[in-house]
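[1] what's the 3D shape of this:
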Amino acid sequence: MFRDLLHVTLKFMARAVLRKYHPKIIAITGSVGKTSTKEAVFTVLASRFRVMRSEGNYNNEIGLPLAVIGIETGGRSLLRWLAVIVRFTRLMVGEGYPEMLVLEMGADKPGDIKYLTSIAPPDAAIVTRVGATHLEKFGDVETVQQEKSDLIASLPRTGVAILNFDDPRVASMRTLHPGKTVTVGLGEGADIRAENVRIEQSPLMRGLSWAGSLTLHFDIVEGASHQAVAMPGRIGSPLVYALLFAYAAGRNFDVSPKDCVSAIQKVVTGPGRLRPIDGIRGSLLIDDTYNSSPEAVVESLKTLLQIKARRRIAVLGNMLELGGASEREHRRIGKMVHSLNIDFLVAIGGEARYCAEEALAAGMARSRVSIFADNGSASEFLRKKIEFGDVILIKASQGTRLEKIVEAIMANPEQAQKLLVRQSKYWKKK
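    Numbering: from 1, shown residues only. Have a look, this model is predicted:
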């Protein structure tokens, strides 16, 4: 009862604020990459406009209205909910408001996107990718695709759809919008594409920071325009896509190519998202522990292959919320680990065991596969296993808390609070 009343109240407040100020709304959804894309889009647009974005994961029926109002959740505190009312009242009497809103729209079940767009109808809509996520509620990827496509269907004729050209499920959504559509991607045919994507790294020497030696390079091509981008300390095609979406959003709102790229190179990526971190004994950790899904793991494994290493180690935990598809998807990843010739696989958790089983069945040597039930035993094993020149990818869903493993094998654990995800008192207690 209280939750339903809260939803209705917050929806009313958010819609009232939007009716009063009429900001341009840029909405972002997708199975992966929403938050990174949101931060990149915000950075580009904020170089020219007054912009506000949803903080953290404020992307559901409670979080999104609060993002519109511009205040944190009240949680279990009556005083903090009173602060929400005060903030709303001040907005309604004319406190002022940004010109643009960049909002992340999540979907845990069918109907979520339609509900969120009924609160904040977008002027520009970005769909990053469609994949096997939240299958416990959606059942199959086709239903996920339908849910994400509701964002494009909600656009007015004057709006713009910005779509991932390289994902056929997303690219097909262009038929849902009669207005302007822009595609981005790595493939030939995208309206805005990235070329010459590569990771450059300095020669590895003992005593020097390996993480600091990596730079992601690529060129953004839009018609006759070619803009070079360099991102020190960043890696991975998922970031490239986020920056392409941001570039496309900026160009749609008349930010020049040069200014878009200048802003893009200031984008700060969040912890736990393919972040290179120096590991023990001169190793390199690729911390991708923020969350996980089958498509995200595939991209992370490809990134692991792009880095020169003595040995490549994949530390994979459970991918959650896959419902009846869980075993199949974990086995698919295990088979891929073998096909990519990853040197060692460390599987942690009951579902991740299927990865290990399938890697072994595909022909991976038993000596190259280890299975653990918990993070503690896996950390102890890795601390003994890691050698100079190793590159270790660590990835799993949020609920597995693999950032604890990263902390156990990073060269400077005193920097965990600064570098790792889920370091607040709330998460430390869990």
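[2] where's Ala416, which helix or strand?
    Secondary structure here is read from DSSP states H and E; on that basis Ala416 sits in helix 416-419.
[3] what of Leu6?
    Here Leu6 is covered by helix 2-21, with elements defined by DSSP H and E.
[4] chain center to that helix: distance?
    In this view, helix 2-21 has its centroid 27 Å away from the chain centroid, taken as CA atoms, centre = their mean, to the nearest Å.
[5] which outside residues touch the helix holding Ala416?
    Here helix 416-419 makes contact (CB atoms under 8 Å, 6 or more residues apart in numbering) with Pro271, Arg275, Ile277, Asp287, Val406, Glu407, Met410, Gln423. For the C-beta atoms, the positions are set from N, CA and C on the backbone; glycine is no exception.
[6] now the strands for the stretch 151-300 of the chain?
    In the stretch 151-300 of the chain, strands defined by DSSP state E, counting those that start in this stretch lie at 160-164, 180-185, 192-201, 214-222, 225-232, 275-279, 283-288, listed in chain order.
[7] what's the most buried one of these?
    Mean neighbour counts were compared across the strands of the stretch 151-300 of the chain using mean count of other CB atoms under 10 Å; the top stretch is strand 283-288, at a mean of 27.
[8] adjacent strands (with direction) for it?
    Strand 283-288 has its sheet partners listed here by DSSP bridges as strand 275-279 (antiparallel), strand 390-395 (parallel).
[9] distance to Lys11 and mean pLDDT added to these, as JSON lines?
    Below are the strands paired with strand 283-288 laid out as JSON lines (distance: least, CB to CB, whole Å; pLDDT from 0 to 100):
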{"stretch": "strand 275-279", "distance to Lys11": "36", "mean pLDDT": "97"}
{"stretch": "strand 390-395", "distance to Lys11": "36", "mean pLDDT": "98"}
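[10] can you redo those strands as TSV with distance to Ser209?
    TSV is the format used below for the strands paired with strand 283-288 (distance: least, CB to CB, whole Å):
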stretch	distance to Ser209
strand 275-279	5
strand 390-395	14
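[11] could you point out which of these sits nearest Pro178?
    Put simply, out of these the one that sits nearest Pro178 is strand 390-395, at 39.6 Å, with distance taken as CB to CB.
[12] I'd like the next helix or strand past that closest one.
    helix 403-409.
[13] can you give me the mean pLDDT across that next one?
    Averaging the model's pLDDT scores along helix 403-409 yields 98.
[14] name the helices or strands packed onto that helix?
    Identification of packing neighbours for helix 403-409 by 3 or more CB pairs under 8 Å, 6 or more residues apart in numbering; DSSP states H and E yields strand 283-288, helix 375-385, strand 390-395.
[15] I'm done for today, thanks for sticking with me.
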